[in-house]
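In: mind folding the following:
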Amino acid sequence: QVQLVESGGGLVQAGGSLRLSCAASGRAVSSYAMTWFRQAPGKERELVAGITVSGRTRYADSVKGRFTISRDTAKNTVYLQMNSLKPEDTAVYYCAQSRSGYVYVNLTYYDYWGQGTQVTVSS
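Out: Residues are numbered from 1 along each chain as shown. Sure, this is the predicted structure:
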């Protein structure tokens, strides 16, 4: 059974930083693409950052230069380092594992999802 467990969310002031973690069990994070999505109230879930099996990364334009996705294969964990946070980054952040080695925007291409972690950025 595959499980993804996010942690690291919280309340931070604008300009601050947070690091989200996604601990996986049941399937290696290095064998499938891993992606962070987020969903703000009243909005659709959107891709934030993803990392392919080969290690290539993909970011939403809104977070480029501020967020960094990485993985630790020994810990089977994926991270999202978020710097220079803005109030518009406020959302529930979800970790998801792709059905292949590629990062997809379409949510239907993801087999497994975490429960989400709330990130709130105050102005």
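In: tell me the centre residue of this structure?
Out: Centroid-nearest residue in the chain, with Cα atoms, centre = their mean: W36, separated by 2.2 Å.
In: now do the closest residue to it other than its chain neighbours, the pLDDT please.
Out: Counting by Cβ to Cβ, 6 or more residues apart in numbering, W36 lies nearest to V48, which is 4.4 Å off, once chain neighbours are set aside. No exception for glycine: its C-beta is placed from N, CA and C like everyone else's. Per-residue confidence at V48 stands at 98 (pLDDT).
In: wait, V48 sits on T57?
Out: No. In this structure V48 lies outside contact range of T57 using Cβ atoms under 8 Å: 11.2 Å.
In: more neighbours: these two, which one.
Out: More neighbours surround V48 than the other of V48 and T57, with 23 against 13 (other Cβ atoms under 10 Å).
In: tell me what the helix or strand hosting that one is packed against?
Out: Counting by DSSP states H and E, the element that carries V48 is strand 46-51. Counting contacts by 3 or more Cβ pairs under 8 Å, 6 or more residues apart in numbering; DSSP states H and E, strand 46-51 packs against strand 34-39, strand 57-59, strand 67-72, strand 77-82.
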